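A.B. asks: Model the structure of this input:
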Amino acid sequence: MDTASTQDIVVEVLQRASSQNPEILKPAEAKLREWETQPGFYTILFNVLSNHSLDVNVRWIAVLYIKNGIDRYWRRNLPNAISEQEKLNIKQGLISNFSEPISQIAVQRAVLISKIARIDCPKEWPELFPTLLQAVESPDSFIQHRAFLTLYHVVKAIASKRLLGDRRFFQDFTSNIYSFVLNLWNNFTELFLSDIMRGASSAIVISNLEKALLTLRILRKLTVFGFYRPHQNQDCMKFLKVIFDRAKIALQCRKQLRDKETVELCEKFIIHLTKVLISVLDTHPFSFIDFIQPSLEFTTYFLFTPDGINFLFERFIIQCFNLIKNILLCVEYKPPKVPETCKHPETLRANEIKINFFQANTLTEICRKLVSHYFILTQDELEMWDVDPETFAIDESGDSWKYSLRPCMETVFVTIFHEFRDALAPVLLEMIHETNCIVSPEDTQGILRKDAVYNAVSLAAFDLYDEIDFDQWFTNTLTQELKVKHNNYRVIRRRVCSLIGRWTGIKLSPELRPALYECVISLLGPDEDMAVRLTASSTLRHAIDDFEFNSDQFRDYLDSAFNLLFNLLKEANECETKMHVLNVMTLMVERVGQTIKPHTDALIHYLPLLWTESEDHNMLRCAIVSTLVQLVKALGSVSAELNPFLLPIIQLGTDTNQSAIVYLLEDCLELWLTVLENSTSMSNELLQLFNNMPALLEYSTENLRLCLLIVLVHTLLAPDLVMRTHGLQVITVCDNLMGDMKNEGIVMLIRMLEIFIRSSPILGCETVFPILPRIFQVLLSSHDVFTRVLTTLAQIHNETDEVVLGKVLHVWLSKMPMVSQLEQRKLLGLALTNLLTTQSRPVFERFGTVMVNILECLNDMEDSLLVTDGRSPSSYEDADGYETDHDQRKKQLILSDPVHTIVLKDYLQSQMYELRNQIGLPHYEQLLQTVDPDTISQLKGYITL
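C.D. replies: You can find the predicted model right below:
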């Protein structure tokens, strides 16, 4: 591209690419994509980025396209790579100017430099770090800030490299600049702290505070990733020691700030100080041992003392709790039960520090403060309950404890309680005793205190197993509290319900389950508070999902519970809430099985509407599909009436051209399999659905097992039709996949091929021809196809048919004793017997070994696999009582299976007569002489030779 003549054109296209109008935006994006590989394009973009007079949106689009270009074309070995000269010009331009006025673009420019540095440093860009270090010492405060911003992003990018050579480079770089950056941080920190104390203007405070924060971020990366053992570096240890004092002073200064921007920046600085401690603890636990004591003293002072609490803000509380939790859970600080076997003496020292700090009085104070102060529902939470009960009630999960206050506090409580159960159990029991009475509905504080104590008992349930008689507590107190219907008591009702759900799977007698169901059903009613109803649904889920759940015991409550959950599902507004309730209903259908049939009509009619409404909520759609799977299983063949609704869903979730496949594939495959298993006949719609299967087999090996099962079930439903329409296509795809399959996948594939042959011997053998060298059942079904397979293999390997058969027989006969499954063993014996009359030289040469293997089959089988009186072998009997139409088809297939219908000794007798007639008595007797006398003697016990 000619830079001078085309820059105006590029600017115009960039302007159109920043438009919100799709008709203008799309052509512009297409044009920019077309230019991506043109030489000189990124030089023009860089010139646009560097021109401060252009529109900010144009420059923003330019910097984004340069970032994408670095990812796609910067490395020299990539197709359409940017030329070395163009790269050199861009790199020189990026570090020649640190005066970008727009903050957002300055950040993106710094990211650009860091992306290039990650690829080129240090060999291809040696001048980068000297230039940056020179710029951070600039007398111009603005340029200095931009230089620090760039240095931070570059250090962050280089620190993320994990190859040994890259890590060594970063460690060398750290040792050279660490003390320099540390001094800068100290200076900027002292400046902004003194600025706050003397009441300087916000602009001055922010200027120094931003630089202190940037240098702190750089120090964090250098400390965590720049040292193999941080405790061996004096500057590093000085930095870590001073963090606690800096944090205390910064917290005090924060109280004096009034400007919102300055307060937020100061909070970021404080949070980042705690992040340094947590990062070093997680990455270098042994280097952190000397800081366990000061960290615990620091956090407990601010979290649990009256003086310290005054300085708290939410994110700082979360960080302090996370620091305590990480110290307690650190594996390196947990000694083995036999201290003498400890590999690291430092582990014992760390554990001793923890034990000495957490004395009984300290633990008591922490426990009481957590429950009586932090666990109390706040006014903001109660207001959220009133305004948005659904969001309030749905539990957070995953890593929410890292970022959200309540999950964080609860996680710390569980950690401390589990670690020091013997010391804390009496404290919590005392708190239960203090609140063990019916609180007046007007006593709001009493209600909130009881809620907090019950929450603690719920969290510590496993550790309180031997301390609490839950049956008695449930009967005498908790059920009585659920009967108080005053609005203020909703707090207690919700918490009691949650408490019961938690303890259900831990310590609740089976005899009390009916009482539990009655309690839950009373809380699911439409006149109850929405948050309480949702908690009751969670409790019901715990009860149903319990190992000791008895469906007969639940039968009397099934109708009420299912209908109330259905009403709750319809009334819920939030997608998350609907998913939650639907999951409970799905579990209920799964656990009670066909008993649910009379109660499903309303849900079945509602699900199509819910599916339509959830078009933009893929996770809710996943929940709907899971529900449909269980409904189809419960309804059995009756579910065929649902096919007009089910099949389009399966089509959407299994079409590789649809974006929904990312979310729905696994659940839709399960639904597809379940629908097939419960179908009595093949329909045109089901057959059309199978068009998706070849692409699915190639799409991902993650769901290969389910896909092969679906192929198998489809085949049994209409063997000839499926093999004629899709058989060869599926087999071709599977043949291509076999080279990359693990043993488990190959076994699944072999079973599928076996079903092809067993369900339609002639057509099946023709269909699976590309993979038949791996299948022996073909011998029983088609001599002609087996001969063609041998001929094909011989041509591929440039050998004769006899040589190939000899190699096959060698492996076959040597490995056959390792086959332990009776069906496969008899199949191999029948196939060997079949080979006796082929008049093949490789068979005659190995006649003695062949007869030994057939004899071993006779000794093992005794025809125990034969189907008698129309009954199928026990291996096909259903274990859990759930039988589908597919199970019936499998049993019918057995009735025509040679393994289950041919008597091996009779077949051997017939083949031996045929062999004698074919080759004549003299040759026949010569063959028998190749068999050892003991084998001959045993064979005479089965047949006449």
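A.B. asks: alpha carbons only for contacts and neighbour counts from here, please
C.D. replies: Fine.
A.B. asks: got a list of what L478 touches?
C.D. replies: Going by C-alpha atoms under 8 Å, 6 or more residues apart in numbering, L478 touches V496.
A.B. asks: same deal with F192?
C.D. replies: Taking C-alpha under 8 Å, 6+ apart, we find F192 in contact with 204-206, 208-209, 212.
A.B. asks: swap in C622?
C.D. replies: C622 touches 663-664, 667, counting by C-alpha under 8 Å, 6+ apart.
A.B. asks: can you do 10 Å?
C.D. replies: 579, 611, 628, 653, 663-668 (C-alpha atoms under 10 Å, 6 or more residues apart in numbering).
A.B. asks: Could I get those in TSV, plus columns for secondary structure, neighbour count and pLDDT?
C.D. replies: Below are the contacts of C622 laid out as TSV (DSSP: H, G, I helix; E, B strand; the rest coil; neighbours: other C-alpha atoms under 10 Å; pLDDT from 0 to 100):
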residue	secondary structure	neighbour count	pLDDT
M579	helix	19	91
W611	helix	19	91
L628	helix	25	92
G653	helix	27	91
Y663	helix	14	89
L664	helix	22	91
L665	helix	21	91
E666	helix	20	92
D667	helix	23	92
C668	helix	25	93
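A.B. asks: Narrow the contacts of F192 to those in helices?
C.D. replies: 204-206, 208-209, 212 (DSSP state H).
A.B. asks: tell me which element Q795 falls in.
C.D. replies: According to DSSP states H and E, Q795 maps onto helix 783-797.
A.B. asks: just checking, next helix/strand downstream of that helix?
C.D. replies: Defined by DSSP H and E, the subsequent element after helix 783-797 is helix 801-815.
A.B. asks: And whichever helix or strand comes after that following helix, what does it pack against?
C.D. replies: Heading C-terminal from helix 801-815, the first helix or strand you meet, by DSSP H and E, is helix 822-835. Judged by 3 or more C-alpha pairs under 10 Å, 6 or more residues apart in numbering; DSSP states H and E, helix 822-835 is in contact with helix 778-781, helix 801-815, helix 841-845, helix 847-861, helix 898-901, helix 904-919.
A.B. asks: Need the winner for burial among those helices.
C.D. replies: helix 778-781 (a mean of 22; mean count of other C-alpha atoms under 10 Å).
A.B. asks: what's the spacing between A831 and Q911?
C.D. replies: Separation of A831 from Q911 (C-alpha to C-alpha, to the nearest Å): 11 Å.
A.B. asks: Low-confidence stretches in the stretch 301-450 of the chain?
C.D. replies: Regions of the stretch 301-450 of the chain meeting the criterion pLDDT under 70 cover residues 395-402.
A.B. asks: now the helices for it?
C.D. replies: Applying DSSP state H, counting those that start in this stretch to the stretch 301-450 of the chain gives helices spanning 306-309, 314-329, 345-357, 360-369, 379-387, 389-393, 405-419, 421-434, 444-459.
A.B. asks: So which of those helices is nearest F645?
C.D. replies: Among these, the nearest to F645 by C-alpha to C-alpha is helix 389-393 (29.3 Å).
A.B. asks: Now that closest one: buried residues?
C.D. replies: The neighbour-count check on helix 389-393 (16 or more other C-alpha atoms under 10 Å) flags 389-390, 392-393 as buried.
A.B. asks: Kindly report the same for stretch 155-164.
C.D. replies: Neighbour-count burial for stretch 155-164 flags 155-159 (criterion: 16+ other C-alpha under 10 Å).
A.B. asks: ends of it, how far apart?
C.D. replies: End-to-end distance for stretch 155-164: 17 Å, by C-alpha to C-alpha.
A.B. asks: Contacts for it, please.
C.D. replies: With contacts defined as C-alpha under 10 Å, 6+ apart, stretch 155-164 is touched by 111, 113-119, 121-122, 129, 150-151, 153, 166-171, 173-174, 217-222, 224-226.
A.B. asks: go with 7 Å
C.D. replies: If you take C-alpha atoms under 7 Å, 6 or more residues apart in numbering as the criterion, stretch 155-164 is touched by 114-115, 118, 167, 170, 218, 221, 225.
A.B. asks: Then stretch 512-531?
C.D. replies: 389-390, 393, 532-533, 536, 540, 557, 561, 564.
A.B. asks: Just the buried ones from the residues you listed, in ChimeraX syntax?
C.D. replies: The ChimeraX selection below is limited to those of those classed as buried (16+ other C-alpha under 10 Å):
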select :389,390,393,532,533,536,540,561,564
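A.B. asks: Pick out the most distant pair among the contacts of stretch 512-531.
C.D. replies: So, the contacts of stretch 512-531 by C-alpha to C-alpha: farthest apart are P389 and Y557, at 26.3 Å.
A.B. asks: With distance to K343 as added columns, please give the contacts of stretch 155-164 in TSV.
C.D. replies: Below are the contacts of stretch 155-164 laid out as TSV (distance: C-alpha to C-alpha, whole Å):
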residue	distance to K343
S114	41
K115	41
R118	38
R167	27
F170	30
I218	34
K221	29
F225	25
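A.B. asks: out of those, which are inside helices?
C.D. replies: Counting by DSSP H, these contribute 114-115, 118, 167, 170, 218, 221, 225 to helices.
A.B. asks: now these in CSV, with distance to T800, pLDDT and neighbour count?
C.D. replies: Formatted as CSV, the ones in helices among the contacts of stretch 155-164 follow (distance: C-alpha to C-alpha, whole Å; pLDDT from 0 to 100; neighbours: other C-alpha atoms under 10 Å):
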residue, distance to T800, pLDDT, neighbour count
S114, 64, 96, 22
K115, 60, 95, 19
R118, 59, 94, 18
R167, 59, 92, 19
F170, 63, 94, 22
I218, 72, 97, 23
K221, 68, 96, 22
F225, 64, 95, 26
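A.B. asks: that older thread, which of the contacts of F192 count as buried?
C.D. replies: When the contacts of F192 are checked for burial by 16+ other C-alpha under 10 Å, the buried set is 205-206, 208-209, 212.
A.B. asks: Which of the contacts of C622 sits closest to L835?
C.D. replies: L835 has its nearest neighbour among the contacts of C622 in E666, at 43.7 Å by C-alpha to C-alpha.
A.B. asks: Can you tell me how far the residue lying closest to that closest one once chain neighbours are set aside is from L696?
C.D. replies: Leaving out its chain neighbours, the residue that sits closest to E666 by C-alpha to C-alpha, 6 or more residues apart in numbering is N703, at 7.0 Å. Using C-alpha to C-alpha, N703 is found at 9 Å from L696.
A.B. asks: if you count what's nearby, which of those two comes out ahead?
C.D. replies: Set N703 next to L696 and count neighbours by other C-alpha atoms under 10 Å: L696 wins out with 20 against 14.
A.B. asks: Which strands or helices does the helix or strand containing the more buried one pack on?
C.D. replies: Secondary structure assigned from DSSP H and E places L696 in helix 693-699. Where contact means 3 or more C-alpha pairs under 7 Å, 6 or more residues apart in numbering; DSSP states H and E, helix 693-699 is packed against helix 728-737.
A.B. asks: re the thing from before, compare the helices and strands packed on helix 822-835 and report which one is nearest to E744.
C.D. replies: helix 801-815 (18.4 Å).
A.B. asks: Could you give the separation of the closest one from the chain centroid?
C.D. replies: Taking C-alpha atoms, centre = their mean, to the nearest Å, one finds the center of helix 801-815 at 46 Å from the center of the full chain.
A.B. asks: any idea how far the closest residue to F844 other than its chain neighbours is from L836?
C.D. replies: Closest residue to F844 apart from its sequence neighbours, by C-alpha to C-alpha, 6+ apart: L927 at 7.3 Å. L927 sits at a distance of 11 Å from L836 (criterion: C-alpha to C-alpha).
A.B. asks: And for D71?
C.D. replies: Relative to L836, and taking C-alpha to C-alpha, D71 is found at 65 Å.
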